[in-house]
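*Asks:* could you look at this predicted model? Sequence included:
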Amino acid sequence: MCSVEQISMTGAACLLAVMTGGSAMGQASDSPVVARDTLRIGLFEPEESWADCIQSGALLAQSEWNGRGEAGGVVVELVRLPKTAAWRDAGAQLARFIVERDLCAVIGPSESAAAHVAVQVATRLRVPIITFSSDSALTAAKAPWIFSAVPSDLEQARALLRQALPQPEAARALLVTPPGRKGRARLAALRKACAELGVRAEESYAGQDAVLLWLDAAEAKAYLQAAPRALASSCVLGSLRLQRRELLESAADGTTPLILPVLGDGSHELGAALGYDALQAIVRAAEQVGTSRDSIRAGLARLPIRARRSGLERFDANGSRVGRIAFSLIRSTMGSTPPPTSDVRGEHCETRNAPAAEALCAE
């Protein structure tokens, strides 16, 4: 398996080959005075099922804007990148996609390694990108073209621990993350959140008060199905990316509560909500500031974006999302029918959304 650094360097090398081997660099330049009749917004999300969810929400926003004619007479068009090439070619493929389709902005992706490749390409071509990755390293460098629409791993962990543990300084937590470098980065964020709140980070199943589960949906599903009975007495706390059907269909044992962060009011599929709000933010920035890439970037950086579906309000100076984190408490029976949204109430699923006034996504 490649590390984030290896993948990022490969993407950068491919991008350099595109730039030096043709006229892409000249085509990619975009003066602040450039005006467009069509705002083409790209969707780059390697995982197809997740891309389908994001696309459905973005297309709804596209339809609303075009139907009302509120983009100053400019037509809004979402363009999805075809099935992603192998990692060694993904950077060059994305670069060609941006240039050939004359994209004014890019939405996605959510996976950290893919996001690092996309950010390098978008920064090199001076195209604003709204990513759904929770990797705080993407915005830490304060690159002016990068905007993150989800809270970081650290922010999510901190908010979940505050929500689940009334006296966190006396609690113990088991930390469960994926293997490899990505896992170690996430593990560092979880350990930092525990240290801030006085929670003892453990590596044992014995006697823990909470389990911080930081896996992809399929991994989390397998983990919960195979987890020891000791989890029955713990709160299982999951990351934002676990608001997925494949995880919710077997969320936890009947006596084990699973607490997940949700964005906004929890009444929409997460992917669709993120796609809807990201496209809305881009078009609103273009409408109020201008349709060039530079104008859209400037608009995203300073406009008070307020969208209810994912809770996105605006971006801070680093390009990080600012907005509240709410929570969904789920109890379900293994293998039961998955709840279609996070606020469904039924025989096998009980949910409760609770705002956390202290759990803001900005420091």
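*Replies:* Thanks, I have it. Note that the structure is a prediction, hence the values are computed from the model and not measured. Residues are numbered from 1 along each chain as shown.

*Asks:* same question for stretch 76-85, mean pLDDT?
*Replies:* The average pLDDT for stretch 76-85 rounds to 84.

*Asks:* do stretch 53-73 as well
*Replies:* Across stretch 53-73, the average pLDDT comes to 84.

*Asks:* run through who's touching it.
*Replies:* Stretch 53-73 has contacts (CB atoms under 8 Å, 6 or more residues apart in numbering) with 39, 41, 43, 45, 75-78, 80, 107-108, 132, 268-280, 283, 286-287, 291, 309. Where you see a C-beta, it was placed from the backbone N, CA and C, and this is true even at glycine.

*Asks:* now those residues: which count as buried?
*Replies:* The neighbour-count test (16 or more other CB atoms under 10 Å) marks 39, 41, 43, 45, 76, 78, 80, 107-108, 132, 268-280, 283, 286-287, 291, 309 as buried among the contacts of stretch 53-73.

*Asks:* now stretch 49-64: buried residues?
*Replies:* Neighbour counts over stretch 49-64 (16+ other CB under 10 Å) mark 50-51, 53-55, 57-62 as buried.

*Asks:* thinking again about what came up before, which ones among the buried ones among the contacts of stretch 53-73 map onto strands?
*Replies:* Residues of the buried ones among the contacts of stretch 53-73 located in strands (DSSP state E): 39, 41, 43, 76, 78, 80, 107.

*Asks:* list the contacts for the fourth one?
*Replies:* With contacts defined as CB under 8 Å, 6+ apart, Val76 is in contact with 38-39, 41, 62, 65-66, 279, 283.

*Asks:* quick check: the gap between it and Ile41.
*Replies:* Computed as CB to CB, to the nearest Å, the Val76 to Ile41 distance reads 7 Å.

*Asks:* what is in contact with these two at once?
*Replies:* Residues touching both Val76 and Ile41 (CB under 8 Å, 6+ apart): 279, 283.

*Asks:* which parts of the stretch 151-300 of the chain are helices?
*Replies:* Residue ranges of the helices in the stretch 151-300 of the chain, as given by DSSP state H, counting those that start in this stretch, are 153-164, 180-197, 217-226, 245-248, 270-288, 293-302.

*Asks:* looking at these, which has the lowest confidence?
*Replies:* Among the helices of the stretch 151-300 of the chain, helix 245-248 carries the lowest mean pLDDT, a mean of 63.

*Asks:* correct me, but Arg293 touches Pro128?
*Replies:* Yes: when contacts are counted by CB atoms under 8 Å, Arg293 is listed as touching Pro128 (6.3 Å).

*Asks:* give me the common contacts of those two.
*Replies:* Common contact partners of Arg293 and Pro128 (CB under 8 Å, 6+ apart): 104-105.

*Asks:* in the ones in strands among the buried ones among the contacts of stretch 53-73, find the pair that's most separated.
*Replies:* Leu39 and Arg80 (15.1 Å; CB to CB).

*Asks:* got the domain ranges for the protein?
*Replies:* 4-150+268-322, 153-262+323-360 (automatic domain parsing).

*Asks:* for the residue nearest to Ser133 when sequence neighbours are not counted, what are its contacts?
*Replies:* Spatial nearest neighbour of Ser133, excluding adjacent residues (CB to CB, 6 or more residues apart in numbering): Ala115 at 3.8 Å. Neighbouring residues of Ala115 by CB under 8 Å, 6+ apart: 108-109, 131-133, 135, 138.

*Asks:* what's the local residue count around Ala317?
*Replies:* Using other CB atoms under 10 Å, Ala317 is surrounded by 10 other residues.

*Asks:* just send the buried residues of stretch 49-64 back as a markdown table, with distance to Pro178 too.
*Replies:* Output for these, formatted as a markdown table (distance: CB to CB, whole Å):
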| residue | distance to Pro178 |
| --- | --- |
| Trp50 | 16 |
| Ala51 | 21 |
| Cys53 | 21 |
| Ile54 | 22 |
| Gln55 | 26 |
| Gly57 | 26 |
| Ala58 | 28 |
| Leu59 | 31 |
| Leu60 | 32 |
| Ala61 | 32 |
| Gln62 | 34 |
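
*Asks:* spatially nearest residue to Lys192, not counting backbone neighbours?
*Replies:* Of all residues not flanking Lys192 in the chain, Leu154 sits nearest, at 5.9 Å (CB to CB, 6+ apart).
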